[in-house]
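Asks: test case, fold it:
(one chain, ligands or ions: 1)
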Amino acid sequence: MIINSQNGTSLVQQVLQRNQEQSELFCSPDAHLSRLLYRAKHPTEILWFKCMDGRLNGAVITQTPVGIIQPVRNIAGSFDLGWPYLGELVAQWVEYAVTRGRHCLPFVTYHWSKSDTHKGCRGHNYDVKAAQSDAKGLLERIEYVFGAEHSVVYPILVGIETDEDAMLLHGTGDKQLYVANELDTKTEDLRKKIYDLYPSMDAQVIEDLFALVEGNVRHMRYLREHPRTEEQTKHCEQIIAIGRGFDWLHWLNRALIIGPYSYDLAKPIEIAAGIILDNLNQGMVPKSEGALLMTSGIYREPRGPQPRLAELKARSLEAFALQVIKDRVPALYPYLHVLSGTVDTNTRLYTSLNNVK
Ligand SMILES: [Zn+2]
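Replies: Have a look, this model is predicted:
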């Protein structure tokens, strides 16, 4: 195994240690009770469609307890609601929400950087218009399936400017609200602006959306006082994570996370592997550290068959991804470490399947 020359800890050990810390945080009494309290105050179910870019973390940019926003990731934030697994997942999510008397608020997101085009979306060749139009296409499909009047499911188009993590909310018609311009707006005025953006939105959903916007304001204020270093804003991804259950892997610019939704899973793996190979060749990531391919299968019920099924999923994804990389990006193969495991969604703990190479 290649050892990290800087601190003597291998990439695999770093990842497992990070997961351990994140899991302990997630399970702490404070975090557990905060989630319950938040859920009681803000019942709307939130799904967050986004790019595989590891910077886009809904919980962080809205200062919301981890576990409230459910992420759905794919390369470039491109999704086809017709993909059988994705369609089923979204339909089950909506059913889960309505049977508990909750509304659904899917965020359909795209991202860009205001300071440097090349800090934008690599999966869209840094073309923000293309990213936005792609996201709009998904939003329209959600409206087509779940209702254009938004009685229960109200999808919203949201841009994320990643230098400051500012949300740009696209409202009815051409109305927009860029949170970066609202840092000094009084609470009641900001609330009115959200009502104005989405005049037909249910009052409880507005309140729950407003809580996310207020969180974004707090997060941006924090970032203005504690700006990120140049190092933190560069693309230096060295981890490809495939599967679900990676919301503990909040590692700025280090990980590309691919959900298992598309018919053509090989393509996003190929693109991600190409990005990481570029990073190695350009010296953004030391070749001595190498790259890491991770896979994950999730389970909610630790008893019975679910953990074993999750294990088989993780192993199957690993075999598939390794073959894709071998065939399509062979130059990355010699630098690759592999880590497959399962995630218990109750604890976020990642259990390695002991196949570290
Ligand atoms: Zn992207």
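Asks: all strands for the protein, in order.
Replies: Counting by DSSP state E, the chain has strands at residues 45-51, 69-74, 104-112, 156-161, 166-170, 176-178, 239-243, 255-258, 291-299, 336-344, 349-352.
Asks: touching the fifth one from outside, list them.
Replies: Residues outside strand 166-170 that contact it (C-beta atoms under 8 Å, 6 or more residues apart in numbering) are 61-62, 156-161, 176-180, 194, 197, 212-213, 216, 220. Every residue, glycine included, has its C-beta placed from N, CA and C.
Asks: and this protein, which of its residues are near the ion?
Replies: Listed as neighbours of the ion in the chain under the rule C-beta under 5 Å from the ion: 51, 53, 121, 123.
Asks: hang on, isn't residue 123 packed against residue 52?
Replies: Yes: checked against C-beta atoms under 8 Å, the pair residue 123 and residue 52 is within contact range at 6.7 Å.
Asks: between these two, which is the more surrounded one?
Replies: Between residue 123 and residue 52, counting by other C-beta atoms under 10 Å, residue 52 is the more crowded of the two (28 against 22).
Asks: how about the helices in the stretch 201-350 of the chain?
Replies: Using DSSP state H, counting those that start in this stretch, the helices of the stretch 201-350 of the chain run over 203-225, 230-233, 266-281, 306-328.
Asks: CA atoms of the shortest one as CSV?
Replies: Listed in CSV are the C-alpha atoms of helix 230-233, where the atom choice follows Å, rounded to 0.1, in the frame of the first residue of the first chain:
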residue,chain,number,x,y,z
GLU,A,230,-6.6,28.8,-2.2
GLU,A,231,-5.7,25.1,-1.5
GLN,A,232,-9.3,24.4,-0.3
THR,A,233,-10.9,25.8,-3.5
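Asks: what's in contact with that helix?
Replies: By C-beta under 8 Å, 6+ apart, helix 230-233 touches 113, 119, 162, 163, 252, 253.
Asks: list the contacts of the fourth one.
Replies: For residue 163, the residues meeting the contact criterion (C-beta under 8 Å, 6+ apart) are 113, 114, 115, 119, 233.
Asks: residue 185 is nearest to which of the strands of the chain?
Replies: Closest to residue 185 of these is strand 176-178 (C-beta to C-beta; 9.7 Å).
Asks: related to what we said a few turns ago, overlap in contacts, residue 123 and residue 52.
Replies: Joint contacts of residue 123 and residue 52 (C-beta under 8 Å, 6+ apart) are 75, 76, 77.
Asks: please check these and keep the buried ones.
Replies: In the shared contacts of residue 123 and residue 52, burial by neighbour count holds for 75, 76, 77, counting by 16 or more other C-beta atoms under 10 Å.
Asks: got the phi/psi numbers for the one residue in the stretch 101-250 of the chain that gets nearest to the ion?
Replies: Closest to the ion within the stretch 101-250 of the chain is residue 121: 3.2 Å, counting by C-beta to the ion. Here is the backbone geometry of residue 121 (degrees, to the nearest 10): phi -90, psi 110.
Asks: with the one 4 residues further on instead?
Replies: Note on residue 125: backbone dihedrals following degrees, to the nearest 10 are phi 50, psi 40.
Asks: for burial, what's the neighbour tally of it?
Replies: Residue 125, neighbours per other C-beta under 10 Å, totals 11.
Asks: quickly note the distance from it to residue 260.
Replies: For residue 125, the distance to residue 260 (C-beta to C-beta, to the nearest Å) stands at 24 Å.
Asks: and the contacts of residue 163, which two are furthest apart?
Replies: Farthest pair in these, by C-beta to C-beta: 114 and 233, 11.5 Å.
Asks: look at these two and report which has more neighbours.
Replies: Set side by side, residue 114 and residue 233 show more neighbours around residue 233, with 18 against 13, by other C-beta under 10 Å.
Asks: the helix or strand of the chain with the lowest mean pLDDT: how far from the chain's middle?
Replies: Least confident helix or strand, the chain: helix 230-233 with a mean of 72, by mean pLDDT, DSSP states H and E. Mean-position distance between helix 230-233 and its chain equals 19 Å (C-alpha atoms, centre = their mean, to the nearest Å).
Asks: name the nearest residue to the residue of the stretch 201-350 of the chain found nearest the ion, sequence neighbours excluded.
Replies: Among all residues of the stretch 201-350 of the chain, residue 256 sits closest to the ion, at 9.1 Å; criterion: C-beta to the ion. Excluding the flanking residues, the one nearest residue 256 by C-beta to C-beta, 6 or more residues apart in numbering is residue 272, at 4.3 Å.
Asks: beta partners for residue 74?
Replies: Beta-bridge partners of residue 74, counted by DSSP bridges, are residue 51.
Asks: double-check it against residue 263; I have them as touching.
Replies: No: with contact defined as C-beta under 8 Å, residue 74 does not reach residue 263; the gap is 11.8 Å.
Asks: these two: which is more packed in?
Replies: The neighbour comparison of residue 74 against residue 263 (other C-beta under 10 Å) goes to residue 74, with 23 against 11.
Asks: residue contacts, the more buried one?
Replies: 51, 52, 258, 259, 261, 262, 268.
Asks: with pLDDT added, can I get these in JSON lines?
Replies: Converted to JSON lines, the contacts of residue 74 look like this (pLDDT from 0 to 100):
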{"residue": "51", "pLDDT": "91"}
{"residue": "52", "pLDDT": "83"}
{"residue": "258", "pLDDT": "91"}
{"residue": "259", "pLDDT": "90"}
{"residue": "261", "pLDDT": "91"}
{"residue": "262", "pLDDT": "88"}
{"residue": "268", "pLDDT": "91"}
